[in-house]
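Novice: attaching a predicted model along with its sequence, questions to come.
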Amino acid sequence: MGNCIVAQSGGPTAVINASLAGVIRANQLNPTFGRVLGGIHGIEGVLAGKLYDLTDVPGSEIEILKQTPSSALGTCRYKLRRGQEEDFVKLVRVMDENDADVMFYIGGNDSMDTVDALSEWACAHGSDKRFVGIPKTVDNDLVPPDHCPGFPSAAKLANMVTHATRLDYDAYTRPEVFVLETMGRDAGWLAASCCLSGDVDLLVLPEVDFDRDWFLQQVQRKMDEKGSCYIVVSEGAHYEDGTYVSAGDSANDGFAHAVLGGAALTLKQMIVDAGVAPRGIVQDLSRAARSSNFAQARIDVAEAYELGVSAHMHAADPDFTAQVVGVKRGSAADGSYNAEYFAGPASEFANFVKNFPAEWIRKDYQGVTDEALAYFAPLVAGEPDIIYGTDGLPKTIVPYNLR
């Protein structure tokens, strides 16, 4: 019986460790692999042979792992490039040295591309090594799942912050605007989800080219009508020529993706400079949306865990490789939300962006349609049972990369 390797990559989510817990626990219940070895700091650490034995993690620790934020194995943004032969050879050598037949990779779009690239190389070189993807992303922009683990919890936190800061904002009489910025480089799912709170006046998404003059007119109209304007903007908002509204696009994250941030500050200053409002307040959710374990969505934890279990279950089939597991939206007998799990080729998950549907976007920055709200509502409902420590805070494990 061979071993398996599991690693995490890219930006963490509030439930990425639930998928890791699913792989570990599934193997304890059904020992398909002799050992479960965790790759420290993603593919970068695996290439360096940095592995941590997770096989016999106690059940009590697995439960706390599920509610621990960030990536318990550590993460990376290392680009495994096709044609970079030495990396592929080195990875197979590490797997051979550790008697590993399968590698599970938990990550987003670029991580699923890594699964695809590794699988292609293995097939082309007659290698029997197998690679399986488990998706995560707060951006919710992976094709073809209905949604991705990490997004529901990020959306839940975003709505909690939106509502709380709206109440705070409305307590004052002084004229000012409030601008909340969410993550979302290419797709506006997270920003759009904030409309579920009922507190958003104007919404700026990457899916609609930003028109400065028209936007300022809408802000002015809200200020004239209500004396206030609460705005939500996705970090990836851009002009028609592709230039980002934010000014922070001069660097990249190693995958040729612009490093964004500052869209809310830019909009606030734009509004003040235009004389629409004398001042503005900015709130940047940034990493809070992906690390707030105290705001996990019940469905999110359950689905992230089940996808880890599903990946392990599928991998019992010796022909299962180059595949990614995902969630489809089904319905129970009473018409309520129900998750359905599936697996599909990694090539169908990698290097595609699922944009927020144009038909769900109201014109003039006026938010989203009822269909969009119906999509979001079941995802953020409910809370998991949280295990608290004596300090009154949610318990977390010591990350494996720090042990």
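Specialist: Cool, got the structure. Residues are numbered from 1 along each chain as shown.

Novice: burial count for C195?
Specialist: A count of nearby residues for C195, using other C-beta atoms under 10 Å, gives 22. Yep, even glycine has a C-beta here, placed from its N, CA and C like the rest.

Novice: how about L202?
Specialist: Neighbours of L202 using other C-beta under 10 Å come to 21.

Novice: wait, it touches R221, no?
Specialist: No. Between L202 and R221 there is no contact under C-beta atoms under 8 Å: 9.5 Å.

Novice: pretty sure I361 contacts V208?
Specialist: Yes. Counting by C-beta under 8 Å, I361 touches V208, with 6.3 Å between them.

Novice: please say which of the two ends up with more neighbours.
Specialist: The neighbour comparison of I361 against V208 (other C-beta under 10 Å) goes to I361, with 20 against 17.

Novice: next, that one: phi, psi?
Specialist: phi -100, psi 120 (degrees, to the nearest 10).

Novice: who does it bridge with?
Specialist: When bridges are called by DSSP bridges, I361 pairs up with V368.

Novice: and it, how far from K222?
Specialist: Going from I361 to K222 by C-beta to C-beta, to the nearest Å gives 18 Å.

Novice: please apply the same query to L37.
Specialist: Taking C-beta to C-beta, one finds L37 at 55 Å from K222.

Novice: what of A333?
Specialist: From A333 across to K222, the span is 44 Å (C-beta to C-beta).

Novice: what is the burial count for Y78?
Specialist: 19.

Novice: and after the helix or strand of the chain with the lowest mean pLDDT, which helix or strand comes next?
Specialist: Ranked by mean pLDDT, DSSP states H and E, the helix or strand of the chain with the weakest confidence is helix 288-291, at a mean of 89. Counting by DSSP states H and E, the element after helix 288-291 in chain order, helix or strand, is helix 298-315.

Novice: what residues are up against the most centrally placed residue in the chain?
Specialist: The chain has T137 as the residue nearest its centroid, 1.8 Å off, counting by C-alpha atoms, centre = their mean. By C-beta atoms under 8 Å, 6 or more residues apart in numbering, the contact set of T137 is G10, G11, T13, G108, N109, C148, G150, F151.

Novice: run through the residues that contact the closest residue to it other than its chain neighbours.
Specialist: Of all residues not flanking T137 in the chain, G108 sits nearest, at 4.0 Å (C-beta to C-beta, 6 or more residues apart in numbering). G108 is in contact with S9, G10, G11, P135, K136, T137, D139, L142, C148, counting by C-beta under 8 Å, 6+ apart.

Novice: neighbours of T243, how many?
Specialist: Neighbourhood size, T243 [other C-beta under 10 Å]: 11.

Novice: try V92
Specialist: 18.

Novice: confirm it sits in a strand?
Specialist: No. Applying DSSP: H, G, I helix; E, B strand; the rest coil, one finds V92 to be helix, outside a strand.

Novice: who are the packing partners of the least confident helix or strand of the chain?
Specialist: Using 3 or more C-beta pairs under 8 Å, 6 or more residues apart in numbering; DSSP states H and E as the contact definition, the elements that helix 288-291 packs against are helix 151-169.

Novice: what residues does the helix it packs on touch?
Specialist: 13-15, 137-140, 178, 180, 182-183, 189-190, 193-194, 196-200, 228, 230, 232, 281, 283, 285, 288-290, 292, 295-297, 299-301, 303, 376, 379-380.

Novice: work out the sheet partners of whichever helix or strand comes after that helix and label each with its direction, please.
Specialist: As assigned by DSSP H and E, the chain's next helix or strand after helix 151-169 is strand 177-182. Strand pairing for strand 177-182, using DSSP bridges, gives strand 229-234 (parallel), strand 280-284 (parallel).

Novice: so strand 177-182 versus helix 151-169, what angle?
Specialist: 170 degrees (axes from the mean of the first three to the mean of the last three C-alpha atoms, to 10 degrees).

Novice: helices or strands next to whichever helix or strand comes after strand 177-182 in the packing?
Specialist: Where DSSP H and E defines the elements, the next helix or strand beyond strand 177-182 is helix 189-193. Applying 3+ C-beta pairs under 8 Å, 6+ apart, one finds that helix 189-193 contacts helix 151-169, strand 202-204, strand 229-234, helix 370-380.

Novice: just to revisit the earlier point, what's the closest of the contacts of T137 to D370?
Specialist: The closest of the contacts of T137 to D370 turns out to be F151 (C-beta to C-beta; 19.8 Å).

Novice: how many residues are close by the closest one?
Specialist: By other C-beta under 10 Å, 31 other residues sit near F151.

Novice: give me the pLDDT for it.
Specialist: In this model, F151 is scored at 97, pLDDT.

Novice: ok, F255 next?
Specialist: 43.
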